[in-house]
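Requesting a structural model of the entry that follows:
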Amino acid sequence: MIERAIEQLVISVGSGPVLVHSDPFRAARLVKPVRDRNAYLDSHIDMICHAGCERALWVPTFNYDFPKTRVFDVHASESQLGPIPERFRTTAATWRTPIPIFSVAGLGYDPQPRWGPGTDPFGQDSVFHELVTQDGVVLYYGDTFQYNTLVHYSERDAGGPLYRYDKLFPGKVIMADGSTIEGSLDYHVRPMNMGLDYDWTRLKDEAANAGVLRHLDGYPEILAASARGLNDLWTSNLADDPFSLLDASSRSWAEPKVNELGRRFVLSDFEEAA
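Residues are numbered from 1 along each chain as shown. Next up, the predicted model:
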């Protein structure tokens with residue numbers, strides 16, 4: 001039974017919370033097609049629940065409007081990551097973190113990251129730190145390795161990426177209970193007007209070869225990785241080569257620019273301060 005096989009795959013790579021990056025279209029063959037869209041999405045959510053609901057199930061429900069609106073509403077701001085996260089958020093989840101842009105909804109253990117001045121979505125108080133330290137698992141449901149937000153935690157854990165810069169986004173969060181809390185998000189952003197991407201194909205192969213990423217036999221669209229194992233691999237590689245995560249095109253401009261400056265990028269290298 002496919003549900004049991006996914007559960008066993010997850011068990012094989014970690015014992016902690018399960019964070020799911022999903023794409024129902026790439027995982028379409030795992031559930032029976034039906035005309036009712038919500039019923040179809042619920043079938044996928046049931047499949048995912050078999051993998052994580054016995055411990056803790058976390059689903060990214062990111063919303064990218066905060067830099068423009070400067071408001072994030074825990075209850076009302078929709079997920080912009082596709083149909084499964086939004087359906088999960090509105091029908092299954094019992095909590096959602098109050099972190100703008102990088103909000104996560106879940107069942108079971110709530111990591112309760114704090115929102116306030118200088119909140120780092122990839123810092124020591126983040127969901128991603130909890131995922132790594134608690135022997136969590138990242139489940140890629142639908143061959144979604146390229147959606148790997150954990151990479152930003154590894155960049156921060158390694159000391160901060162040379163090829164990004166920190167930018168503060170002040171604003172307010174409307175909490176689940178209706179109260180409002182002012183704060184700011186400290187986000188290491190891509191350099192403005194520059195192409196920056198990761199070599200996901202190579203990184204996926206490296207993680208598999210290192211034994212921290214595994215796929216489900218007969219179902220290459222289902223993969224799972226140890227969050228701690230991935231983080232250890234990436235922070236080690238970054239210590240040896242600060243540009244090791246980037247694709248060739250991104251590295252071709254970022255490395256010479258960093259070498260020219262002799263330091264990590266700062267905001268004024270690419271944009272005017274607000």
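
Tell me which helix or strand in the chain has the weakest average pLDDT.
In the chain, no helix or strand scores lower on mean pLDDT, DSSP states H and E than helix 37-52, which sits at a mean of 90.

Residues touching the following helix or strand past that helix, excluding its own?
Using DSSP states H and E, the helix or strand that follows helix 37-52 in sequence is strand 56-60. Applying C-beta atoms under 8 Å, 6 or more residues apart in numbering, the contact partners of strand 56-60 are 16-22, 48-49, 51-52, 79, 81, 84-85, 88-89, 93, 102-109, 127, 131, 149. For the C-beta atoms, the positions are set from N, CA and C on the backbone; glycine is no exception.

what separates strand 56-60 from the chain centre, distance-wise?
Mean-position distance between strand 56-60 and its chain equals 10 Å (C-alpha atoms, centre = their mean, to the nearest Å).

now the end-to-end length of stretch 211-222.
End-to-end span of stretch 211-222 (C-alpha to C-alpha, to the nearest Å): 15 Å.

mind checking how far the closest residue to residue 27 other than its chain neighbours is from residue 49?
Leaving out its chain neighbours, the residue that sits closest to residue 27 by C-beta to C-beta, 6 or more residues apart in numbering is residue 142, at 3.8 Å. Here residue 142 is placed at a distance of 16 Å from residue 49 (C-beta to C-beta, to the nearest Å).

More neighbours: which of the two?
Neighbour tally, residue 142 and residue 49, criterion other C-beta atoms under 10 Å: the higher count belongs to residue 142, 22 against 19.

residues contacting the more buried one?
The neighbourhood of residue 142, defined by C-beta under 8 Å, 6+ apart, consists of 22-27, 221-222.

now this protein, which segments are flagged as low pLDDT?
Along the chain, segments meeting pLDDT under 70 span 52, 273-274.

Spell out the residue ranges of the helices in it.
Here the chain has its helices, by DSSP state H, at 2-13, 37-52, 66-69, 83-91, 127-133, 150-157, 200-209, 227-240, 248-261.
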